[in-house]
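Visitor: pasting the sequence and the predicted model now:
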Amino acid sequence: MVQRYFTVGNNGETEFEINRSRFICRAKRVHSEKEAQEYIQSLQKQHWDATHNCSAYVVTELEQKASDDGEPAGTAGKPILEVLHQKKLLYTVVVVTRYFGGIKLGAGGLIRAYTQGAVEAVKAAGIVEHRLEQELLLHFDYSYMGKIEHELRNTDLGLETPQFAEHVSWGVWVPVGSEKSWIEKTMNWTAGQVKVELGRTEYQEYPVE
């Protein structure tokens, strides 16, 4: 599993007009190449009357594809795919639907329009970073709460909500591979009076833009 990757945060949708051509731009997070293809097909059905439904997706480095959907070769799908590459996105599909307005844009104009469409779709969705992290479950006496909270709040670690019972239990997410270092730090904060268990290992999401 990769340690970290970028993808879009939510489904993004926006639109704009160039020389009376209407461009509807969408970005979506997907989990597989099949899901990306099904999303493209669903928009083709939804916009069956559109002039073009151009698209590109990158799931993994080995699973990516672009489609001009009738636009001149290299003027639509490739520019969309290039935006995904520039922003280093994985598990992302972008579809730009065009309703032709009667004025031709030329090859250069099309490339600029579809590039703009991809950029704005991704912007509407937002970008997040997924980091593969290990959950550390900290168990400690209430007397150490102030010290541990002070130290943890000064980190960029993902923190669960503390659970208060006979003792305090607090889930903390640390990058995979750094578990030993963080366990040692928590021991130092409490003079060894903290019990640490390994919890889940999964991707945690952090907003980028």
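Guide: That came through fine. Since the structure is predicted, the reported quantities are computational estimates derived from the model, not experimental observations. Numbers count the residues shown, from 1 in each chain.

Visitor: drop to CA atoms for contacts and neighbour counts, all remaining ones
Guide: OK.

Visitor: any figure for the gap between residue 208 and residue 189?
Guide: Distance, residue 208 to residue 189, using Cα to Cα, to the nearest Å: 31 Å.

Visitor: immediately after the lengthiest helix in the chain, which helix or strand?
Guide: Counting residues, the longest helix in the chain under DSSP state H turns out to be helix 106-125. Using DSSP states H and E, the helix or strand that follows helix 106-125 towards the C-terminus is strand 127-140.

Visitor: now for that following strand, which elements pack on it?
Guide: For strand 127-140, the packing partners by 3 or more Cα pairs under 8 Å, 6 or more residues apart in numbering; DSSP states H and E come out as strand 4-8, strand 168-175, strand 194-207.

Visitor: quick check: buried residues in the longest one?
Guide: Of the residues in strand 194-207, those buried under the neighbour-count criterion (16 or more other Cα atoms under 10 Å) are 194, 196, 203, 204, 205.

Visitor: ok, which pair from the residues you listed is furthest apart?
Guide: Spatial extent of the buried residues of strand 194-207 (Cα to Cα) is set by the pair 194 and 205 at 27.1 Å.

Visitor: what is the burial count for residue 73?
Guide: Applying other Cα atoms under 10 Å, we find 12 residues neighbouring residue 73.

Visitor: does it belong to a helix, a strand or coil?
Guide: coil (DSSP: H, G, I helix; E, B strand; the rest coil).

Visitor: endpoints of stretch 95-108, how far apart?
Guide: Across stretch 95-108, first to last residue, Cα to Cα, it's 19 Å.

Visitor: so how far is that stretch from its chain's centroid?
Guide: Put simply, stretch 95-108 sits 28 Å off its chain's centre (Cα atoms, centre = their mean, to the nearest Å).

Visitor: in that stretch, what's buried?
Guide: Buried, per 16+ other Cα under 10 Å, within stretch 95-108: 95, 96, 97, 98, 99, 100.
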